[in-house]
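*Asks:* predicted model follows, preceded by the sequence.
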Amino acid sequence: MDKEFFHRDLRLFLERRVSWERYLRLMRPGPANVEEELATVESILGTLGDICEDIETASRPHWHEEVRLVDGRVEVPAHIAAGYDKLRQAGLVCLPVSAEYGGFGLPLLVNAGYLEMIARADASLTASATAARRSNVATCRTSPRASSRAAWT
């Protein structure tokens, strides 16, 4: 797998192990273009893979730095804050959150691949991304979004 974050195992799983037609039929009324939907998911995860490469390169020399509690304040190392900011600016913080709250409404299955990729880049961001998704819907509403989301919203 080396440095490829959106690697062939994730692609194989998404393309061959998930019945997207059945999923989309159960989750959304009306017809859905499965190829277009899958292409959107792959595009999002491909973009995430590129960002994860940047995050890993910048974070690796700082992995020894920890989040600290100083005088009742949480101090987050700069590399963690910068990595999270890259994800937020790309609109990749709230993938499974409903579109009604500013997310993409993607299946949790896709989020599992997302978390795997982030954990490989910098495991500190896995907790940050999960916490933001759970507790701060405003983050989703204020972050930029990808231009192509097909029927996920």
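*Replies:* Received, thanks.
*Asks:* burial count for Tyr84?
*Replies:* 21 (other C-beta atoms under 10 Å). (Each C-beta comes from the backbone N, C-alpha and C, glycine too.)
*Asks:* packing partners of the one helix or strand it maps to?
*Replies:* Using DSSP states H and E, the element containing Tyr84 is helix 78-89. Packing partners of helix 78-89 (3 or more C-beta pairs under 8 Å, 6 or more residues apart in numbering; DSSP states H and E): helix 34-59, helix 123-135.
*Asks:* need those in TSV (columns: mean neighbour count, distance to Gly113 and mean pLDDT).
*Replies:* What follows is these, written out as TSV (neighbours: other C-beta atoms under 10 Å; distance: least, C-beta to C-beta, whole Å; pLDDT from 0 to 100):
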stretch	mean neighbour count	distance to Gly113	mean pLDDT
helix 34-59	18	6	93
helix 123-135	17	12	64
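*Asks:* got a markdown table for these, with distance to Arg8 too?
*Replies:* Shown next, in a markdown table, are the helices and strands packed on helix 78-89 (distance: least, C-beta to C-beta, whole Å):
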| stretch | distance to Arg8 |
| --- | --- |
| helix 34-59 | 12 |
| helix 123-135 | 22 |
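*Asks:* nearest approach to Arg25 belongs to which of these?
*Replies:* With C-beta to C-beta, the closest approach to Arg25 among the helices and strands packed on helix 78-89 belongs to helix 34-59: 9.6 Å.
*Asks:* if we can go back for a sec, so which of the helices and strands packed on helix 78-89 is nearest Tyr114?
*Replies:* helix 34-59 (6.2 Å).
*Asks:* packing partners of that closest one?
*Replies:* In terms of contacts (3+ C-beta pairs under 8 Å, 6+ apart), helix 34-59 is packed against helix 20-27, helix 78-89, helix 108-121.
*Asks:* just name the most buried of the ones you listed.
*Replies:* Comparing the helices and strands packed on helix 34-59 by mean neighbour count (mean count of other C-beta atoms under 10 Å), helix 108-121 ranks first with a mean of 19.
*Asks:* re earlier: dump the helix holding Tyr84 to PDB, restricted to CA.
*Replies:* The C-alpha trace of helix 78-89 is given here as PDB (Å, rounded to 0.1, in the frame of the first residue of the first chain):
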ATOM      1  CA  ALA A  78       0.200  22.900  15.000                       C
ATOM      2  CA  HIS A  79       0.400  19.800  12.800                       C
ATOM      3  CA  ILE A  80      -2.900  18.400  14.000                       C
ATOM      4  CA  ALA A  81      -4.600  21.800  13.700                       C
ATOM      5  CA  ALA A  82      -3.200  22.200  10.200                       C
ATOM      6  CA  GLY A  83      -4.300  18.700   9.100                       C
ATOM      7  CA  TYR A  84      -7.800  19.200  10.400                       C
ATOM      8  CA  ASP A  85      -8.000  22.600   8.700                       C
ATOM      9  CA  LYS A  86      -7.000  21.000   5.300                       C
ATOM     10  CA  LEU A  87      -9.800  18.500   5.700                       C
ATOM     11  CA  ARG A  88     -12.300  21.200   6.700                       C
ATOM     12  CA  GLN A  89     -11.300  23.500   3.900                       C
END
